[in-house]
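[1] Build me a model:
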Amino acid sequence: MLLLFTATVFGVGGTLTAIDNMGQIGESLGYPQRSVATFVSLISIWNYIGRVAAGFASEALLARYRIPRPLLVAGVLLLTVPGHLRIAFGVPGPLYAASVLLGFCFGAAYPMILTIISELFGLKYYSTLYNVGNVASTRCYRDSFLVVDSWRR
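    Sure thing, here's the model as predicted:
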């Protein structure tokens, strides 16, 4: 569970932070407002596609090739690395591809993590564990930066 929690906090939390700040990133790189709105639309569209594709692909790969879902989550989280690097380099052009990659990967990772939680702990306390999974990715990732910032001072 600790490994799943860590992957959720850093993998999904980092992707969510980049998605939340995509508008500010686009403005700081000099994109017009219309392009920034396009980034948000691309993230939303590919988020949906990632959720649907992850549901079908994880079931098919598990049934046919016996590939476990945690390995698929690791692959999806590794796929976010090029998206984060495209943002980190600060070059204006690749932000479109970064929004597609991050939207797809966030959409794909999140349902698989919740499915792994239900497979590990069953469905008796799923509503509680579902909410813990939601809190783990966003709140803990943002709070970790507050702790690091307080140590720095």
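[2] any idea how far Pro92 lies from Phe39?
    12 Å (CB to CB, to the nearest Å). Just so you know, the C-beta spots here come from the backbone N, C-alpha and C atoms, and that holds for glycine as well.
[3] With neighbour numbers in mind, choose between these two.
    Phe39 (22 against 12; other CB atoms under 10 Å).
[4] Verify the stated contact: that one with Leu29.
    No - if you go by CB atoms under 8 Å, Phe39 and Leu29 don't touch, sitting 10.5 Å apart.
[5] okay, and the common contacts of the two?
    Leu95 (CB atoms under 8 Å, 6 or more residues apart in numbering).
[6] quick revisit: any common contacting residues for Pro92 and Phe39?
    Tyr31.
[7] Pretty sure Leu29 is one of the things Leu95 touches, is it not?
    Yes - proximity of Leu95 to Leu29 meets the contact threshold set by CB under 8 Å, at 6.5 Å.
[8] And those two? Which one has more around it.
    Leu95 (23 against 15).
[9] wait, what's in contact with that one?
    For Leu95, the contact set (CB under 8 Å, 6+ apart) comprises 22, 25-26, 29, 31, 39, 86-87.
[10] Now, of the residues you listed, which are buried?
    22, 25-26, 31, 39, 86-87 (16 or more other CB atoms under 10 Å).
[11] Kindly present those as CSV, with separate columns for distance to Leu72.
    Formatted as CSV, the buried ones among the contacts of Leu95 follow (distance: CB to CB, whole Å):
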residue, distance to Leu72
Met22, 25
Ile25, 28
Gly26, 30
Tyr31, 33
Phe39, 26
Arg86, 23
Ile87, 24
